[in-house]
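Colleague: Sequence first, predicted coordinates after that:
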Amino acid sequence: MIDWHDDAPPRYRHVLLVEPRGRLRLSRLRRVKVHAGGIVWYGDYLFVAGGSAGIRVFRLDDLTKVRNRLRTGGYRYVLPQLTVYTAEHDDGAGPLTYSFMSLDRRGTEDHLVAGEYGRKGGSHRLISYAIDPATGVAAQRRPGSVGAD
């Protein structure tokens, strides 16, 4: 990110992705450890391919300046995770490892497309999540659940 209001001239700053823990949303933060094989910025959201954890979703409006930088390894800004998408899988197939991701704008609705890196002799799977144009996040199939196509 570019920090426009602390310094003159503006400075580029790294942002630490964190997962809120505990009762209060930002009371305890755990660093998100992820390879980030794919990142999609879509509207107000950042989607990160998170390996076996699924697609991690961050709302950019939640970017927070940290007062005690010792707790965040020197990072001045953190971005807390909003939610995560994971796909159901068939018996015996094993869970999908979200290795890479992109945005598909073909057709009438946009989709997040994620895939799994298949080692020699292993599976190669792709998954797609329709994005709800009204909210900018994955469309809900039933209350509290997003579905992959």
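Modeller: It's in.

Colleague: okay, CA-based contacts and neighbour counts for the rest of this
Modeller: Will do.

Colleague: I figured residue 115 hits residue 102, correct?
Modeller: No: using Cα atoms under 8 Å as the test, residue 115 is too far from residue 102 to be in contact (9.0 Å).

Colleague: in this structure, which residue is closest to the centre?
Modeller: Closest to where the C-alpha atoms of the chain average out (Cα atoms, centre = their mean) is residue 56, at 2.8 Å.

Colleague: can you pull up the bridge partners for that one?
Modeller: residue 48, residue 84 (DSSP bridges).

Colleague: residue contacts, it?
Modeller: Applying Cα atoms under 8 Å, 6 or more residues apart in numbering, we find residue 56 in contact with 47-50, 81-85.

Colleague: Mind checking which of those residues are buried?
Modeller: Listed as buried from the contacts of residue 56 are 47-50, 81-82, 84-85; burial here means 16 or more other Cα atoms under 10 Å.

Colleague: how about CSV for the residues you listed, with pLDDT and distance to residue 131 added?
Modeller: Converted to CSV, those look like this (pLDDT from 0 to 100; distance: Cα to Cα, whole Å):
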residue, pLDDT, distance to residue 131
47, 96, 12
48, 95, 15
49, 93, 16
50, 88, 18
81, 94, 18
82, 93, 16
84, 90, 14
85, 88, 12
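
Colleague: Which single one of those is nearest to residue 66?
Modeller: Of all the buried ones among the contacts of residue 56, residue 66 sits closest to residue 81, with 15.5 Å by Cα to Cα.

Colleague: where does that closest one fall, phi/psi-wise?
Modeller: phi -70, psi 130 (degrees, to the nearest 10).

Colleague: which residues touch it?
Modeller: 17-20, 56-59.

Colleague: can you list those residues in TSV and add distance to residue 133?
Modeller: Shown next, in TSV, are these (distance: Cα to Cα, whole Å):
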residue	distance to residue 133
17	25
18	26
19	26
20	27
56	19
57	16
58	17
59	15
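
Colleague: Tell me where this structure has strands.
Modeller: Ranges of strands within the chain are 2-3, 11-12, 15-21, 28-31, 39-42, 45-49, 55-59, 64-65, 77-85, 100-104, 111-115, 126-130, 140-142, 145-146, based on DSSP state E.

Colleague: for this protein, which spans come out with low pLDDT?
Modeller: Residues of the chain meeting the criterion pLDDT under 70: 5-7, 23-27, 119-123, 141-149.
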